[in-house]
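Here is a sequence together with a model predicted from it:
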Amino acid sequence: MRDFSYVRANSLDAARQAAALPGAMLLAGGTTLIDLAKCGVAEPETLVDIAHLKGLDRIEVNERGATIGALARMSHVADHADIKSRFPAVSEALWQAASAQIRNMATIGGNLMQRTRCPYFRDPANFPACNKRQPGSGCSAIGGVTRGHAVLGISDACIAMYPGDLAVALVAFDAIVHLGERHIPVDDFFLLPGTTPDREHAIEPGEMITGIEIPGSASARRSTYLKIRDRQSYEFAAASAAVGIEFEPDGRTIRDLRVALGGVATKPWRARAVENALKGKVLEPDTVRAASLLAVEGSVDHGANHYKVELAPRVVARAIRKLGETA
Amino acid sequence: MTKTTIPVHLDINGRDHDLQLEPRVTLLDALRDRLGLTGTKKGCDHGQCGACTVHIDGERVLACLTLAAQVEGRTVTTIEGLAREGEMHPVQAAFLEQDAFQCGYCTPGQIMSAVACIREGHAGSDEEIREYMAGNLCRCGAYPHIVAAVRQAALEAAS
């Protein structure tokens, strides 16, 4: 790991100013950044430690929704009683992510900024070509081992998968990212790779995530996060789904449905086609199965990751059926 | 390039230490290489194995992904700080009793993780223990005995 200088920011403004300087990066939990510095992917000249800033770790939940400070840690949000009751998919996405140790370290703001686990991205010594690391250098994954790569939202420049869980639940429930005064929908916060895979977030120099806001809804209250993976725990998703549902008073007809996918796309992937196909319909296994196939509309695989095209709709269908059974 | 060091004050197992460190030095390397506290193990050094688990302000974290400088002003507990007046911590005793290890390399991390797991209230069933101990890998595969040790210690703590 290349050496760097370390400063502790003593205010939000000081943090933003220090982090805007060339070569500077914000440091919170460090679970992504220190790891990538050891890999030689991140080469900061200065780390601006914001973990000690006061007042940014609050979790507030009321009728309108939840507001979560950027420095709230994953474990605390996952175990928060009101998050569990009003946003079960958010709690489930969090406790199924990483390990207990990492969830104690990692913050919500840092979670949104986590980088892909693409093994080519993480290994600059052996794979110099990576458009995400070095724009224009090429993509080592295309034509390489692609079992863990994305099948949705890819481009000729990059097929790296977005690995997180929390943000999948956040896009399902229309969460808003707070960058100080500027607020943007989480779906717009994450960018498609396109021709600029090095740019992953709609965040500008001098900006910092200060918190997230999740609007309350009946579908968020009746929600779940289903994560399928190669091993049962402490693993990234092979495919996952955040699903929320609201029924009409008859308890069978779907009034509102939210579906988002993880483990298959280059960003947290809202599956509106599935939602639109099922709204107003009665929840029946055949209807759900057929509609869930729309989750992977437009997918392009690279052979070894074709299984994700098969798996993702089944994960969606199972999650929807599970919520129907808990009527 | 001349190496710049910064003063770092660490509170480890109730003892104060004043070190002069490069900012990139992790808590794990400071513990092992500077303070001689080699009970905390270096496995993967990338946050994937849990061998370096320690407690910061009572919560389990990974020392390999924590800079020593980040810990200033916080209290650190390592495996060396668990025993009290020569008496093993109940989780250490349970690991011995259940033979919850083979080579022993992951054991300090397993024990630090288990102490926190029980304190968090995440040791209510074997299934829950497996889930909340998943961040600690054991290449020898002593998992059934590890689960038994955590279960025994959790029951003792509850009684």
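That came through fine.

quick one, helices of the stretch 1-150 of chain A?
A:12-20, A:33-39, A:74-78, A:81-86, A:88-95, A:100-105, A:108-112 (DSSP state H, counting those that start in this stretch).

Relative to A:I245, which of those helices is closest?
helix A:88-95 (10.6 Å; C-beta to C-beta). The C-beta positions use only the backbone N, C-alpha and C, and glycine is treated the same way.

Return the alpha-carbon coordinates of the closest one using PDB.
Extracted C-alpha coordinates of helix A:88-95, given in PDB (Å, rounded to 0.1, in the frame of the first residue of the first chain):
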ATOM      1  CA  PRO A  88     -37.900  -5.200   6.400                       C
ATOM      2  CA  ALA A  89     -36.200  -5.400   2.900                       C
ATOM      3  CA  VAL A  90     -33.700  -2.800   4.000                       C
ATOM      4  CA  SER A  91     -32.800  -4.600   7.300                       C
ATOM      5  CA  GLU A  92     -32.600  -7.900   5.500                       C
ATOM      6  CA  ALA A  93     -30.400  -6.500   2.700                       C
ATOM      7  CA  LEU A  94     -28.000  -5.200   5.300                       C
ATOM      8  CA  TRP A  95     -27.700  -8.200   7.600                       C
END
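
Show residues contacting it.
A:66, A:74-75, A:77-80, A:83-84, A:103, A:165-166, A:168-170, A:172-173, A:214, A:220-225, A:227, A:240, A:242-244, A:262 (C-beta atoms under 8 Å, 6 or more residues apart in numbering or on different chains).

Check whether the longest helix anywhere in chain B comes near chain A.
Using DSSP state H to define each element, chain B has its longest helix at helix B:143-158. No - using C-beta under 8 Å from any C-beta of the partner chain, helix B:143-158 stays clear of chain A, with a minimum separation of 11.6 Å.

could you say what helices and strands that helix packs with?
helix B:90-97, helix B:107-120, helix B:126-132 (3 or more C-beta pairs under 8 Å, 6 or more residues apart in numbering or on different chains; DSSP states H and E).

Which SSE is immediately downstream of the host helix or strand of B:D29?
Per DSSP states H and E, B:D29 falls inside helix B:27-29. Note on helix B:27-29: by DSSP H and E, the next helix or strand toward the C-terminus is strand B:53-56.

now for that following strand, which elements pack on it?
When contacts are defined as 3+ C-beta pairs under 8 Å, 6+ apart, strand B:53-56 packs onto strand B:59-62, strand B:75-77, helix B:107-120.

Establish whether the last one and chain A are in contact.
By that I understand helix B:107-120. Yes - applying C-beta under 8 Å from any C-beta, one finds helix B:107-120 in contact with chain A at B:S113, B:A116, B:C117, B:E120.

Please apply the same query to the shortest one.
No - among the residues of strand B:75-77, none lie within reach of chain A under C-beta under 8 Å from any C-beta; the closest is 13.4 Å away.

Run through who's touching that strand.
Strand B:75-77 has contacts (C-beta under 8 Å, 6+ apart) with B:L10, B:D11, B:I12, B:N13, B:G14, B:L27, B:V54, B:H55, B:I56, B:D57, B:G58, B:M112.

Tabulate the residues you listed (CSV), appending pLDDT and distance to A:G29.
Below are the contacts of strand B:75-77 laid out as CSV (pLDDT from 0 to 100; distance: C-beta to C-beta, whole Å):
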residue, pLDDT, distance to A:G29
B:L10, 97, 19
B:D11, 98, 20
B:I12, 98, 20
B:N13, 98, 23
B:G14, 97, 25
B:L27, 98, 13
B:V54, 98, 15
B:H55, 98, 16
B:I56, 98, 11
B:D57, 98, 14
B:G58, 97, 17
B:M112, 98, 18
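
For the buried ones among those, write the corresponding ChimeraX selection.
Applying 16 or more other C-beta atoms under 10 Å in any protein chain shown to the contacts of strand B:75-77, the buried members can be selected in ChimeraX as follows:
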select /B:10,12,13,27,54,55,56,112
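
returning to what we had before: can you name the residues in contact with the longest helix of chain B?
Applying C-beta under 8 Å, 6+ apart, the contact partners of helix B:143-158 are B:90-91, B:93-95, B:97-101, B:110, B:114, B:117-118, B:123-124, B:126, B:129-130, B:133, B:138.

try it again with 10 Å
With contacts defined as C-beta atoms under 10 Å, 6 or more residues apart in numbering or on different chains, helix B:143-158 is touched by B:89-102, B:106-107, B:110-111, B:113-115, B:117-119, B:121-130, B:132-133, B:136-138, B:142.

okay, the closest residue to B:V115 other than its chain neighbours: pLDDT?
The spatial neighbour of B:V115 that comes closest, neighbours along the chain excluded (C-beta to C-beta, 6 or more residues apart in numbering or on different chains), is B:V91 at 5.0 Å. Here, the pLDDT recorded for B:V91 equals 98.

ok so, going back, so what does the helix holding B:D29 touch, helix or strand wise?
Applying 3 or more C-beta pairs under 10 Å, 6 or more residues apart in numbering or on different chains; DSSP states H and E, one finds that helix B:27-29 contacts strand B:6-12, strand B:53-56, strand B:59-62.

Thank you, goodbye.
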